[in-house]
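Chemist: kindly generate the corresponding structure for this input.
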Amino acid sequence: MSSTTTAKSNLKRDWFILSSLVSKDFKLKYRRSVLGVLWSVLNPLFMMIILSVVFSYFFRFQIEHFPVYLILGQTIFTFMSDGTSSAMSSIIDSSTLIKKIRINKIIFPLQKVMFALVNFGVSLIAVIAVMIFFQITPTWNMLLLPWLIAMLFVFTLGIGLILSSLAVFFRDVIHLWGVFITAWTYFTPLFYPVEILPDWAVPIMNCNPMYYFVTYFREIMLWGTTPGVMENVICLGFAVVFLIVGLIVFKRTQKKFILYV
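Modeler: The predicted structure is shown next:
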């Protein structure tokens, strides 16, 4: 059997395992749930309503179509948060399988990020519903959504690979990431305008990758503007850099996973 044939066979096997794991996670998540997948639509809607009341009336942020502004930031950040958090523990959670059979270990963090992508796709139904309610006019810029999702997927996978590797050797990473994600949530303009930040915080915000992804999402979905070349370069740059670092870290450590899981 040639090396090309072997590679194709391995690729088909990996894809089968990957798709099977994503399907299993989807079924497990909504098993014995009356509303099932509908929760992925209702959850961002409920959060949007609660946060809209709090920040619109109590803090009185003057943002046009604030609920739409809010749900856009919320859903795209949740994709990254869920993808990285679940990918982080994917190797540890799959320890039994890793010890029993020879398998491409990168499948496990990749599967978790793919599952987060599926949930994000479902949550877009809530986004569209809110946009229709507020009569947001669709523009051709929305065609850039697949490109944005692709960049964010790569970015999320890169972080997930790094975290999944570190978590195998240092379990404290799991707890630290939970704290970091919480801080990251509040330091990303999901429910407040970036203009309220003091001058000293602006340079820090400019180093926040999710600030650019969230802004990109709002530009094409809410504001009907075309992201500039620099915005695309920044988002793509973050995605590629984190993926490369993630792959390097994962490849260099994966042989030792079996000793620590």
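Chemist: now the element after the lowest-mean-pLDDT helix or strand in the chain, going C-ward?
Modeler: For the chain, using mean pLDDT, DSSP states H and E, the weakest element among its helices and strands is helix 39-53, scoring a mean of 64. The C-terminal neighbour of helix 39-53 among helices and strands, as given by DSSP states H and E, is helix 66-88.
Chemist: and that next one, what other elements does it pack with?
Modeler: Counting contacts by 3 or more CB pairs under 8 Å, 6 or more residues apart in numbering; DSSP states H and E, helix 66-88 packs against helix 39-53, helix 107-133, helix 145-169, helix 172-186, helix 209-218. The way it works is simple: take the backbone N, C-alpha and C, and place the C-beta from them, glycine included.
Chemist: tabulate the ones you listed (JSON lines), appending distance to F250 and mean neighbour count.
Modeler: Formatted as JSON lines, those follow (distance: least, CB to CB, whole Å; neighbours: other CB atoms under 10 Å):
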{"stretch": "helix 39-53", "distance to F250": "28", "mean neighbour count": "17"}
{"stretch": "helix 107-133", "distance to F250": "8", "mean neighbour count": "20"}
{"stretch": "helix 145-169", "distance to F250": "4", "mean neighbour count": "22"}
{"stretch": "helix 172-186", "distance to F250": "14", "mean neighbour count": "13"}
{"stretch": "helix 209-218", "distance to F250": "19", "mean neighbour count": "21"}
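Chemist: these: lowest mean pLDDT?
Modeler: For the helices and strands packed on helix 66-88, the weakest mean pLDDT is recorded on helix 39-53, namely a mean of 64.
Chemist: hmm, back to that, what's the closest of the helices and strands packed on helix 66-88 to H65?
Modeler: Comparison of the helices and strands packed on helix 66-88 against H65 by CB to CB identifies helix 107-133 as nearest, at 8.6 Å.
Chemist: for that closest one, the distance to its chain's centre please.
Modeler: Average the C-alpha atoms of helix 107-133, do the same for its chain, and the two points are 9 Å apart (CA atoms, centre = their mean, to the nearest Å).
Chemist: could you give the angle of it to helix 66-88?
Modeler: With axes from the mean of the first three to the mean of the last three CA atoms, to 10 degrees defining the directions, helix 107-133 sits at 170 degrees from helix 66-88.
Chemist: got the angle between helix 107-133 and helix 209-218?
Modeler: The directions of helix 107-133 and helix 209-218 differ by 40 degrees, with the same axes, to 10 degrees as the criterion.
Chemist: which secondary structure elements does helix 107-133 contact?
Modeler: Against helix 107-133 (3+ CB pairs under 8 Å, 6+ apart) you get helix 3-29, helix 39-53, helix 66-88, helix 90-93, helix 145-169.
Chemist: show me what the mean pLDDT comes to for the longest one.
Modeler: It refers to helix 3-29. Along helix 3-29, the predicted confidence averages to a pLDDT of 70.
Chemist: and for stretch 77-86?
Modeler: 95.
Chemist: other residues contacting that stretch?
Modeler: Identification of contacts with stretch 77-86 by CB atoms under 8 Å, 6 or more residues apart in numbering yields 44, 112-113, 115-117, 119-120, 123, 152-153, 155-157, 159-160, 163, 177-178, 181, 184-185, 188, 190, 210, 213-214.
Chemist: buried residues, that stretch. List them.
Modeler: For stretch 77-86, a neighbour-count test (16 or more other CB atoms under 10 Å) marks F77, T78, F79, M80, S81, D82, G83, T84, S85, S86 as buried.
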